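Novice: what's the 3D shape of this:
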Amino acid sequence: MQWPRRGGETRGIPTAWSASPLAGELAPTSELPPVWPDPMGDVKGIALQPLHHSAPEIARRDPALAERLALVDALRLGDARVRGLAAKLLRRRLPDRAVTRAPGRRIGSLGGGGLDGGYHRGLLVGLPEIGECLSGMR
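Specialist: Coordinates of the predicted model:
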């Protein structure tokens, strides 16, 4: 998984905890929110490089997929509390067969409570529509 690259202040589309569904679950802060830089965005925040350059365009066209991408960003960027809530909400949005880390091992049974690269890769495998959308938007 690509680790988040941050930039300066910009206008963009909210992501991670500043986007739905996490925005409704967490108390607002005084800090600028993470956003995907986008000239059509309506939120001022701190630039966060999306997983793919087309994520802002996809987010405008498909709100359900935008939520999943924002939750993946929360896994990439958030603290332990945010990552735990993001994982819980993402599990609800994926088909049951998609939330496995490895054959026969469920996300809920990771043990040790740590999030590692294998965990993130397993979640991304469960989002085939992201890959399909991204590959068609080059």
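
Novice: could you point out which element follows the strand of greatest length in the chain?
Specialist: Longest strand of the chain, by residue count under DSSP state E: strand 6-14. Downstream of strand 6-14, the next assigned helix or strand under DSSP states H and E is strand 34-37.

Novice: Report all helices and strands that that next one contacts.
Specialist: strand 6-14, strand 43-48, helix 55-61 (3 or more Cβ pairs under 8 Å, 6 or more residues apart in numbering; DSSP states H and E). Backbone N, C-alpha and C define where each C-beta goes, glycine included.

Novice: mind showing which ranges of this structure have poor pLDDT?
Specialist: For the chain, applying pLDDT under 70 flags the ranges 1-3, 96-138.

Novice: go with 80
Specialist: 1-5, 95-138 (pLDDT under 80).

Novice: Contacts only, for Leu69.
Specialist: Counting by Cβ atoms under 8 Å, 6 or more residues apart in numbering, Leu69 touches Thr15, Pro50, Leu51, Ala55, Ile58, Ala59, Ile130.
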